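J.: Dropping a prediction and its sequence here:
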Amino acid sequence: MSYQWNWGILLSAVSTGEPTTYLGWFMDGLKATVTLSLAAWIIALIAGSLFGILRTLPNKWLSGLGAVYVAVFRNIPLIVQFFIWYFVLPELVPPSLGAWFKGLPPLIQFFSSAVVCLGLFTGARICEQVRTGILALPPGQKNAALALGFTLPQTYRYVLLPNAYRIIVPPLTSEFLNIFKNSAVASTIGLLELSAQARQLSDYTAHTYESFIIVTACYALINAVVMLFMRWVERTSRLPGQIGGK
Amino acid sequence: MKLKKIVVALMAAGTLTFSYAQAQQAGTSTLQKIKDTGTISLGHRESSIPFSYYADNQQVVGYSHEYAMQIVKAIEKELNKPQLEVKLTPITSQNRIPLIQNGTIDLECGSTTNNLERQQQVAFSNTIFVVSTRLLTRVDSGVKDFADLKGKTVATTAGTTSERILRAMNQDKKLGMNIISAKDHSEAFLMLETGRSVAFMMDDALLAGERAKAKDPSKFVIVGTPQSQEAYGCMLRKNDPAFKKLVDDTIAKLQTSGEGSKIYQKWFQKPIPPRNLNLNFPPSEELKALFKSPNDQAKG
């Protein structure tokens, strides 16, 4: 194959005249990917925990609400959800509200849509993990807590959730990894995150291989950091006598 | 450093694979390859209206595609093989250069700009079309030229020359524009249609294609001083003079014989599939000049 390798291209100035290099573009993309994913992860944890708890409650309506959330957000492809949040929703709300949103600086529009979309999508998956985590506990734990005089909220707070979260750390790790990879879909609404910057660089310089090798390395690096962090969480949170404990 | 060793090993493996492929290909010209296999592989676009796109039943049609099919005919004549098998491969902006280089496709005629960066990786045929980068805007937006964009939001397609020019303009003239880089042309147009941007900067021919797709095309107008001209060429492998000459000659003959103008009218001034839209896009002076003296020069 007649490919001309040139890694030096990364350090050359961009051809748009902006005071940065192509490597600088990558760094911007990396920053966007990490900020977006971490912000979405916070939403995902909150929404996931909330609806996951709802799904295990004795009240039929509340658990039904959780089920609807999961059905909607887990079953629609992520790329479609991005499209709905960014393009469709502002047309459905009252025109003045839609116009206000569309008048915001584009970057704020991209970011807010992307964070909410990615957060709620991942939240639906975390919801199921929280639910199964709680259901995996022996029913005796809940009954014993209630018999001791705990209210239902206290039972969740002091007995069920601390155990359930410990059980689901491994699947949570893979959701945490997924959220970084899924954030690449945000490029479809115009957000210049890591994968979009790789495409930019390949289009601007015709050095396709260098760009995608760098991007692959960046995602690998992010994943390595997440794995290390989650292993640390798992290690420090385990209880003697429980799963994984000594 | 274990990690460093792994990285080095991976990169060495990559380089080896490439040089192996290179060794295999050296000495085999594209024409020889086509003769030996009885097959020519063409790359095409899936939605570059009206250059190369799917009409009904996944059938590839378009202005550039007609050039490609004429080139296939010329190859059949040259090789004296009347029934070449034509293999069509859909390509994107990202994979078109690697696919030419690794031999998956032999020729790509779509909406590919001939520029100096790309010439380091691939070769380009004679120019088949000339476009100018301009603006599409609403009739009532008040935007007449690029200077009117000060402080406004403008959409363009990521990775295009338009994006490059727009960003440079923003920098040089301190226009303070918000620039949205959409994934593809239809998404950039959607930004304009939904009121997220006041204008969409792109190659004028593609703007005409997007306008034709709008719910009400009469609401949109193409305005502004052309900021650059681009030459679309067919893309082929580097260092294959025999093949390039055949392709160039075929294109030159089409353009000077008047056949090229007929192909132009068919795709830009008459209803085209799949929705029978007429782009109503008369030929530019640059295109007329090209048809008089065909060449393979990149424009600035």
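T.: Happy to help now that I have it. This structure is a prediction, so every number in the text was calculated from the model and none was measured.

J.: Can you say which helix or strand has whichever residue of chain A sits closest to chain B in it?
T.: Nearest to chain B, among the residues of chain A, is A:Asp203, at 2.9 Å (C-beta to the nearest C-beta). Heads up, the C-betas are built off the backbone N, CA and C, glycines and all. Assigned by DSSP states H and E, A:Asp203 belongs to helix A:194-205.

J.: right, and the helix or strand after that helix?
T.: Per DSSP H and E, the helix or strand that comes after helix A:194-205 is helix A:208-237.

J.: Just list what that next one packs against, helices and strands only.
T.: Packed against helix A:208-237, as judged by 3 or more C-beta pairs under 8 Å, 6 or more residues apart in numbering or on different chains; DSSP states H and E, are the following elements: helix A:22-56, helix A:169-182, helix A:194-205, helix B:96-101.

J.: Just the CA coordinates for stretch A:170-180, please, in PDB.
T.: Written as PDB, here are the backbone C-alpha positions of stretch A:170-180 (Å, rounded to 0.1, in the frame of the first residue of the first chain):
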ATOM      1  CA  PRO A 170     -18.800  -5.000  38.400                       C
ATOM      2  CA  PRO A 171     -21.700  -4.300  36.000                       C
ATOM      3  CA  LEU A 172     -21.500  -0.600  37.000                       C
ATOM      4  CA  THR A 173     -17.900  -0.600  35.800                       C
ATOM      5  CA  SER A 174     -18.900  -1.800  32.400                       C
ATOM      6  CA  GLU A 175     -21.600   0.900  32.200                       C
ATOM      7  CA  PHE A 176     -19.100   3.500  33.200                       C
ATOM      8  CA  LEU A 177     -16.800   2.300  30.400                       C
ATOM      9  CA  ASN A 178     -19.800   2.300  28.000                       C
ATOM     10  CA  ILE A 179     -20.700   5.900  28.700                       C
ATOM     11  CA  PHE A 180     -17.400   7.100  27.400                       C
END
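
J.: ok so, going back, from A:Thr16, how far off is the residue lying closest to the residue of chain A closest to chain B once chain neighbours are set aside?
T.: The shortest distance from A:Asp203 to any non-neighbouring residue, by C-beta to C-beta, 6 or more residues apart in numbering or on different chains, is to B:Gly159 (2.9 Å). Note on B:Gly159: its distance to A:Thr16, by C-beta to C-beta, to the nearest Å, is 12 Å.

J.: Point to the residue nearest the middle of chain A.
T.: Nearest to the mean C-alpha position of chain A, counting by C-alpha atoms, centre = their mean, stands A:Ile179 at 3.3 Å.

J.: typed the wrong thing, it's chain B
T.: B:Ser111 (1.4 Å).

J.: Then it would be within a helix, right?
T.: No: B:Ser111: not assigned to a helix; according to DSSP: H, G, I helix; E, B strand; the rest coil it is coil.

J.: Can you pull the phi and psi angles for it?
T.: Backbone torsions for B:Ser111, taken as degrees, to the nearest 10, come to phi -130, psi 50.

J.: mind listing what it touches?
T.: B:Arg45, B:Ser48, B:Phe51, B:Ser52, B:Ser64, B:Phe129, B:Asp203, B:Leu206, B:Tyr232 (C-beta atoms under 8 Å, 6 or more residues apart in numbering or on different chains).

J.: Compute the distance between it and chain A, please.
T.: For B:Ser111, the distance to chain A equals 13 Å [C-beta to the nearest C-beta, to the nearest Å].

J.: how does chain B divide into domains?
T.: B:31-131+B:231-292, B:132-229 (the TED database).

J.: how deep is B:Ala208 tucked in, by neighbour count?
T.: Using other C-beta atoms under 10 Å in any protein chain shown, B:Ala208 has 24 neighbouring residues.

J.: Using the three-state scheme, assign the residue in chain B that chain A sits nearest to.
T.: Of all residues in chain B, the one sitting closest to chain A is B:Gly159 (2.9 Å; C-beta to the nearest C-beta). Secondary structure, three-state DSSP: B:Gly159 is coil.
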